[in-house]
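Participant: with the input below, show me the fold.
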Amino acid sequence: MENEVPYQFITTMLIIAVIVFFVVKFMNNTPSYDRFDEGFYGGVARGSGHPDCLRTLPEGSQLLDLVASAHKVPAGVSDASADYKEMELILSKLACLKKDLLSPSGIVEATRTQAFETAHDRINTGELCAMCLNQSIAARDLDIIFATWRDRGRVLLRKLCTEANLSEVQSVHVEKLFKKAWEDVYDVATSRCLKTDYSKQNGGSTDGGNVGGVEPPALKDLGAYDYKYGGISASGWNGAV
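Facilitator: Down below sits the predicted model:
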């Protein structure tokens, strides 16, 4: 009986040690991500697929998959081509910009790691995001930046579709995906980057925005003043000197 207690104690300790070992091993083998750095929104920014921040722009990932799938044929495009890489970079910038602008953290995180490319960039994407969060960018500058991405993306898509020997139907579908992705991010950017302009709301009406004129009820029954250049005025002056 005296030996049973130490034996049970040793057995329990060994079981606990084994459990702790496997728990520690599982935690070490599981990748961890800083939730604050990721902005609590849209999942992982990098390393989870293509393009970066793909969860916020599913059309971008679908577009690249359609183009890349054509590399199975002899005349297809390779995902290592310069055109493909640049197209992927444009989509990554669009997706990560949307991710940062919609993130409740309000910090520049996903766009911070996006590389500058002179072929399609007017400004570093991280800097653009910072200006948007501060609402310190002009509408004209924002339009120029997005137009450059759009125009360059269209050129790259035409080249990629030709290299991949995509049919006309497939090419049109790819272009529609890019158009949808671009418009999605552009709408988010215009709503988050620019200060409110009441003159453009409600169809140009100032209702609900700028204060409009108010006519007192006592003036509604009065006649119009028709003696601007002579005649008998309300003051009794008839315009004669």
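Participant: just give the number of residues close to N165.
Facilitator: Look at N165: counted by other C-beta atoms under 10 Å, it has 13 neighbours. Placement of C-beta: from N, CA and C, glycine included.
Participant: just D121 next, same as before
Facilitator: 19.
Participant: that one against T148, yeah?
Facilitator: Yes - D121 is in contact with T148 according to C-beta atoms under 8 Å; the separation is 7.3 Å.
Participant: can you pull the residues that touch both of the two?
Facilitator: Shared contacts of D121 and T148 (C-beta atoms under 8 Å, 6 or more residues apart in numbering): none.
Participant: L142 versus the residue nearest to A139 when sequence neighbours are not counted, what's the distance?
Facilitator: Nearest non-adjacent residue to A139, counting by C-beta to C-beta, 6 or more residues apart in numbering: L194, 5.5 Å away. From L194 across to L142, the span is 7 Å (C-beta to C-beta, to the nearest Å).
Participant: show me where this structure has helices.
Facilitator: Remark: helices assigned in the chain by DSSP state H are 4-29, 58-68, 82-102, 125-134, 139-163, 168-193.
Participant: lowest-confidence stretch among the ones you listed?
Facilitator: For these, mean pLDDT drops lowest on helix 4-29, to a mean of 72.
Participant: quick one, what contacts the residue nearest to A139?
Facilitator: Contacts of L194 (C-beta under 8 Å, 6+ apart): 135, 137, 139, 142.
Participant: quick check: the last one touching C193?
Facilitator: Which is L142. Yes - using C-beta under 8 Å as the test, L142 is close enough to C193 to be in contact (5.7 Å).
Participant: pull up the overlap in contacts between those two.
Facilitator: Shared contacts of L142 and C193, counting by C-beta under 8 Å, 6+ apart, come down to C132.
Participant: higher neighbour count, those two?
Facilitator: Neighbours were counted for L142 and for C193 using other C-beta under 10 Å; C193 has more, 23 against 19.
Participant: so how far is I145 from the spatially closest residue to that one that is not a sequence neighbour?
Facilitator: Take C193 and drop its neighbours on the chain: the residue closest to it by C-beta to C-beta, 6+ apart is C132, 3.6 Å away. Separation of C132 from I145 (C-beta to C-beta) stands at 10 Å.
Participant: go on, M13?
Facilitator: Relative to I145, and taking C-beta to C-beta, M13 is found at 64 Å.
Participant: of those two, who's got more company?
Facilitator: I145 (22 against 10).
Participant: show the pLDDT at the residue nearest to the more buried one when sequence neighbours are not counted.
Facilitator: Once flanking residues are discounted, I145 sits nearest to R122: 4.9 Å by C-beta to C-beta, 6+ apart. Listed pLDDT for R122 reads 91.
Participant: thought R122 was touching L142?
Facilitator: No - the pair R122 and L142 does not pass the contact test of C-beta under 8 Å, sitting 10.0 Å apart.
Participant: report the contact partners of S81.
Facilitator: Counting by C-beta under 8 Å, 6+ apart, the residues that S81 touches are 160, 163.
Participant: could you check how far it is from L97?
Facilitator: For S81, the distance to L97 - C-beta to C-beta - is 24 Å.
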